[in-house]
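# Predicted model follows, preceded by the sequence.
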2 protein chains.
Amino acid sequence: MQHNILYAQSGGVTAVINASACGVVETAARHPMHFGKVFAARDGILGVLREELYDLSLEDPAELAALRHTPGGAFGSCRADLGTPESHPEQYARLIEVLRAHDIGTFIYNGGGGSMLTAAKIAHFARDQGLDLTVIGIPKTIDNDLPQTDTSPGFGSAAKYIATSIREVSRDLSAMAGTSTKVFILEVMGRHAGWLAAAAGLAFDVEESPLLLLFAEIPFNEAGFAEALRARVQCHGWCIVVVAEGLLCGNGEFCAQAQQSVIFGHEQLGGLAPQLAGLSRRLGFKTHWAVSDYFQRSARHLASRVDVDQAYACGSEAVTYALQGKTDVMVAIRRTSDEPYLWTLEGVPLDAVADIELPVPRTFIRADGYGITEAARRYMLPLIQGEDLPPFRHGLPVFATLRLQRVVQKLPRWTSSLG
Amino acid sequence: MQHNILYAQSGGVTAVINASACGVVETAARHPMHFGKVFAARDGILGVLREELYDLSLEDPAELAALRHTPGGAFGSCRADLGTPESHPEQYARLIEVLRAHDIGTFIYNGGGGSMLTAAKIAHFARDQGLDLTVIGIPKTIDNDLPQTDTSPGFGSAAKYIATSIREVSRDLSAMAGTSTKVFILEVMGRHAGWLAAAAGLAFDVEESPLLLLFAEIPFNEAGFAEALRARVQCHGWCIVVVAEGLLCGNGEFCAQAQQSVIFGHEQLGGLAPQLAGLSRRLGFKTHWAVSDYFQRSARHLASRVDVDQAYACGSEAVTYALQGKTDVMVAIRRTSDEPYLWTLEGVPLDAVADIELPVPRTFIRADGYGITEAARRYMLPLIQGEDLPPFRHGLPVFATLRLQRVVQKLPRWTSSLG
């Protein structure tokens, strides 16, 4: 009866996804009567198909505990998704082979909306085939765009990083603005949702601040923006602009993409900050710009304690659901109070979250489109509470060092790629 | 006999320059028999000429103490310098007028090499005119390019920020590299010196790591770099590149400037990271890039405790020198031992530091030009030791809030600009 657990990480990693892994492993270890080993797949679902599994029972428990404060994805991640059983039956046949070969009773997938779709497909297929497989999802995304949950682990820490950094930078810029730089532009992640741009709004306690946010949800209006920027610099002497990489131009295209293809001959997003800096300079303002990129999702040294706690709790709860016989659900966070921030966990159907992305609600965006409302503040502030510094040694943070011992492969090599 | 002290900040600000201000104010306050008030000039030397002075005796001592953990420049900074007494006699006449009008006995200038030149000019002029003025410099620069001192306050914290962030990002990148992003490029400050690029080398404990540093001191060789990058990705599966903004092309021009003028029609440096990302993508690697810009010099939440202590001590020592009758000197840090790191302070002539910039010595750069040596590690590691988190409230750092009460002006308005 002691089947094994298979855990995998998927999508862009975060500062706290390994805390969820820690919650899974440590909770499973407390139930040796119910669970066998915990395996982790290398590079998400791809490692499952390739039968590339790590045996976590061979790890030093202290290093597994250190996962709680280790950023990145300890087992590798992937952005690939399964096809459908109809279009790619060989993927599902292989999946079942691997799960059987390693006596997997519980599959736990830790990721965002796309990953929950993968988990849902596996759950449906298992049900259709009459397999005894428990499938649980753990939410993860700095983009905070998953439905059915108050927030997604990873967002709170990225939000805290951005709000703190902007508050710090405001002290620098205000010192320089009298004689030099007057505008600072930061580009943050957020392809379809502007949650991380919204988080910058927390840097200032009052609405009337020298800060302009450019949301993925509000089409960019160059003339209006130029006017707003000029007004802020005139009033405060300086202005900070935080732009979501997914900012859309009037025609519905990504602003970044449109320009990027011209400048760098490549379609990857990014590069909005230097574009906006050019605009700001044309207005006559000396301008500095920064792009946070991976820093904002791996800055474990500035993690939100609430976020770390939720990430760990979600991992732990996933195992509890397996114990209780719940399946086909994602662990979701339910808020029961804003202040003090109180929350519980509940299982929501994978189908209700699979591949759905929620934008920042319009009620969270100020009427002029360049700031956040009190409602947004009330929602976000609880998520960045508390500090949780990793241990430092010789001046630098110390992270988990895992052995990552491969499980002996029992099947022929998988040579296909993912659809 | 109780003349006043005039303190001013100059050049790009740092995460710890206000700790030096704190050292000045708190030390002067312990000697009420020797000093009158401490005034701070707004925007550096410009505020002196404009007679824009803040009276720090009117501040809440608790807020002055909070300067120790407040990034940016509390009184504003400037990049302007005085002309010579021959070319701009009116500037010097005005200077003397302001110093006399406010009974300034000690002028303390906190900045980098250019600022020490300004201080030296003032000191020489005062001597020539037989004025009883004490002039002391306090070092400050994240670029770490000042001579005669073991390091400059500001560098240690920026170095710790970069090394920590790169260590964190390495966990993210290594998770993604199996299936997605293989190269991450960070552009750091350093117009003429590659110290901040060097600091990234501390992120890894061993030399044989997936990290390439591009120093301002080593002319860029595109073919050689492409080959080194390919080799690192082949060996490790991924690679991080950290490039100093002041990277020079073969022809001795700034790489950034050459491209920038084409792309953005502007000569400000910056934009190297996206260029290198383009190169990396042409090699077939999915690539992410980031630009730290002001973050690296204002990230007070990740300050080095050694750096904060040195910044405060330098401020305090400047006042002690004034007490002792020393003048025309900059407070310098002298290292007496690497491990444990021991240091003392000493006064060095302003003339010996004025307008001199030291590059990273070749012995600190690996033979292949892409990494640091053990000697560099031995030098830099002590400077990033210890954490010194500012207080956090409601999830965000709390910084000093000063009243900044202006001293009543006694002179006619100064309308000239600086040369």
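It's in. Just so you know, these numbers come straight off a predicted model, no measurement behind them.

# For the stretch 151-300 of chain A, just list every one of the strands.
A:183-188, A:211-214, A:239-244, A:287-291 (DSSP state E, counting those that start in this stretch).

# how about those strands in TSV, adding mean pLDDT and distance to residue A:91?
(Each C-beta comes from the backbone N, C-alpha and C, glycine too.) Putting the strands of the stretch 151-300 of chain A into TSV (pLDDT from 0 to 100; distance: least, Cβ to Cβ, whole Å) gives the following:
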stretch	mean pLDDT	distance to residue A:91
strand A:183-188	98	35
strand A:211-214	98	40
strand A:239-244	98	34
strand A:287-291	96	36
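
# Same list (those strands) but as CSV, adding distance to chain B and mean neighbour count.
CSV is the format used below for the strands of the stretch 151-300 of chain A (distance: least, Cβ to the nearest Cβ, whole Å; neighbours: other Cβ atoms under 10 Å in any protein chain shown):
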stretch, distance to chain B, mean neighbour count
strand A:183-188, 6, 28
strand A:211-214, 14, 24
strand A:239-244, 10, 28
strand A:287-291, 4, 26
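
# quick one: which of the ones you listed is nearest residue A:304?
strand A:183-188 (16.1 Å; Cβ to Cβ).

# quick one: least confident helix or strand in chain A?
helix A:255-263 (a mean of 55; mean pLDDT, DSSP states H and E).

# sec struct for residue A:334, please.
Under DSSP: H, G, I helix; E, B strand; the rest coil, the three-state class of residue A:334 is strand.

# nope, residue A:149 is what I meant
Per three-state DSSP, residue A:149 ends up coil.

# these two touch, right, residue A:136 and residue A:320?
No. Using Cβ atoms under 8 Å, residue A:136 is not in contact with residue A:320; the gap is 9.5 Å.

# Between these two, which is the more surrounded one?
residue A:136 (30 against 18; other Cβ atoms under 10 Å in any protein chain shown).

# For the helix or strand encompassing that one, which strands pair with it and how are they oriented?
Element membership of residue A:136, judged by DSSP states H and E, is strand A:134-139. Paired neighbours of strand A:134-139 in the sheet (DSSP bridges): strand A:104-111 (parallel), strand A:329-337 (parallel).

# Does the following helix or strand past the first one reach chain B?
It stands for strand A:104-111. With elements assigned by DSSP H and E, the helix or strand that comes after strand A:104-111 is helix A:113-128. No. On the criterion Cβ under 8 Å from any Cβ of the partner chain, helix A:113-128 is out of touch with chain B, staying 13.1 Å away.

# relative orientation of helix A:113-128 and strand A:329-337 in degrees?
130 degrees (axes from the mean of the first three to the mean of the last three Cα atoms, to 10 degrees).

# name the helices or strands packed onto helix A:113-128?
When contacts are defined as 3 or more Cβ pairs under 8 Å, 6 or more residues apart in numbering or on different chains; DSSP states H and E, helix A:113-128 packs onto helix A:89-101, strand A:104-111, strand A:134-139.

# by how many degrees do that helix and helix A:89-101 diverge?
Put simply, helix A:113-128 runs at 70 degrees to helix A:89-101, going by the same axes, to 10 degrees.

# buried sites along helix A:113-128?
A:113-126 (16 or more other Cβ atoms under 10 Å in any protein chain shown).

# on that earlier part again, can you check which of the strands paired with strand A:134-139 gets nearest to residue A:388?
Among the strands paired with strand A:134-139, the nearest to residue A:388 by Cβ to Cβ is strand A:329-337 (17.4 Å).

# ok, residue A:394 - contacts?
B:381, B:385 (Cβ atoms under 8 Å, 6 or more residues apart in numbering or on different chains).

# 7 Å instead, please
residue B:381 (Cβ atoms under 7 Å, 6 or more residues apart in numbering or on different chains).

# same deal with the one 10 residues further on?
Contact partners of residue A:404, counting by Cβ under 7 Å, 6+ apart, are residue A:54.

# ok but it is inside a strand, no?
No. Secondary structure assignment (three-state DSSP) places residue A:404 in coil, not in a strand.

# Can you tell me what sits against whichever strand or helix holds residue A:66?
In this structure, residue A:66 is located in helix A:61-66 according to DSSP H and E. For helix A:61-66, the external contacting residues (Cβ under 7 Å, 6+ apart) are A:22, A:25, A:26, A:56, A:399, A:400, A:401, A:402.

# what's the most buried one of the strands paired with strand A:134-139?
Ranked by mean neighbour count, these are led by strand A:104-111 with a mean of 27 (mean count of other Cβ atoms under 10 Å in any protein chain shown).
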